[in-house]
Every structure is written in C-alpha cells, then in structure tokens.
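# just coords:
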C-alpha cells in the first residue's frame, strides 16, 4: 500500500536521473506513467497513491501533498526530496547504487528506468499533452479534481470490462485490508 518511504525513493530515482533537480509536474507525470505501466504488466501500481484527474492531466494526490509541503511529519520524504521552489524539487540525499533504494524491487526499478528512458527527455508540458492524448482514463475535470479508478485504467489499457472490474475490486480489497491492519 501507499508508503512515504516508497514514494520518496521513487521520487529520488527520477530526481537523480534528472541531475538532482526536477520540475514537480514532470515528476508527478513520470510516477503516474510508471504506476500505469505497472498496472498493465502486473495488475497493481508501484506507488499505490490515489490517482486524480486534474486540468493538466493525471496526478498522484498524496505525492502532490508531499511535494507541496502539506504533509506533517514527513521526515523521511524530506530526507530524500527538497522543498518545492520555483516549481522544482531537488535531491537531498544522493545514492550511489540502486540497492540503496531498498523500498523498491528490481522489477519496480526496471519500470522506473523504462519510464525515464521513454519520457525523461520530455518537458512537463509535453508530458501533460501526452497524458491528455494517451491516457484515456483521464478526463478534463469540471471541478478541481476527481478520482481516476483502477477500473478505468485497466479498461483504457485494453482489458475487457469484466476483467477490469475484477482486477479493480481485488486492489480495493487489498487496500481495505491494509487500512484495517494498519489501524490495529
């Protein structure tokens, strides 16, 4: 399920690839596209963040809150990612080996690497346009934001509606179980 440690290390991976500073919107799009690919390949996201449709494309809700400094006691995030300034985030903790990103599996790191390889050269505006044109689950919201469901992503990725619904139900059940266990 969603973890501050995991999302911080995902962000650190991309910010490192960008040379230590990265536009915050580009970071959000890269993580979203990684989650989308993971959903396509394995039936589950990497970040488990809540996905939202916003004007400039899909956004990861909790990650945006971390970037904006809206999360209290975000010590782990802050140890990896510097505060947003002039629409950029920075790498606070350098790493010399991917093994130091111990919250991420090798398969997850491979997806992050492929995402960077495919999209790292694009600007935040290019990525916004790309997600508008290529992520059918995104809809331009009438209000500031509304949720993107796993079912809509699976459908956009070409799954039959019954399969998309079943896969989405499984992820929601896992999320509920995790929430229940964490509240004990």
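Thanks, I have it. All values derive from a computational prediction rather than experimental measurement.
# buried stuff in the helix ranked longest in the chain?
If you go by DSSP state H, the chain has its longest helix at helix 161-182. For helix 161-182, the neighbour count (16 or more other CB atoms under 10 Å) marks 164, 165, 167, 168, 171 as buried. C-beta coordinates here come from the backbone N, C-alpha and C atoms, glycine included.
# helices or strands up against it?
Judged by 3 or more CB pairs under 8 Å, 6 or more residues apart in numbering; DSSP states H and E, helix 161-182 is in contact with helix 150-156.
# which stretches of the protein form helices?
4-17, 24-42, 61-67, 75-80, 106-119, 124-134, 150-156, 161-182.
# lowest-confidence stretch among those helices?
Within the helices of the chain, confidence is poorest for helix 161-182, with a mean of 86 (mean pLDDT).
# Which residue lies nearest the spatial centre of the protein?
Most central in the chain under CA atoms, centre = their mean is residue 31, positioned 3.3 Å from the mean C-alpha point.
# wait, which of the buried residues of helix 161-182 is closest to residue 73?
Proximity of the buried residues of helix 161-182 to residue 73 (CB to CB) peaks at residue 171, which lies at 27.0 Å.
# wait, doesn't residue 31 sit right on residue 49?
Yes - here residue 31 reaches residue 49: they are 7.5 Å apart, a contact under CB atoms under 8 Å.
# who touches both of these two?
By CB atoms under 8 Å, 6 or more residues apart in numbering, residue 31 and residue 49 have these common neighbours: 7, 60, 63.
# any chance of these in a markdown table, with neighbour count and distance to residue 85 too?
Output for the shared contacts of residue 31 and residue 49, formatted as a markdown table (neighbours: other CB atoms under 10 Å; distance: CB to CB, whole Å):
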| residue | neighbour count | distance to residue 85 |
| --- | --- | --- |
| 7 | 25 | 19 |
| 60 | 26 | 20 |
| 63 | 26 | 17 |
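# list the contacts for residue 91?
Residue 91 makes contacts with 12, 15, 16, 20, 21, 80, 81, 82, as judged by CB under 8 Å, 6+ apart.
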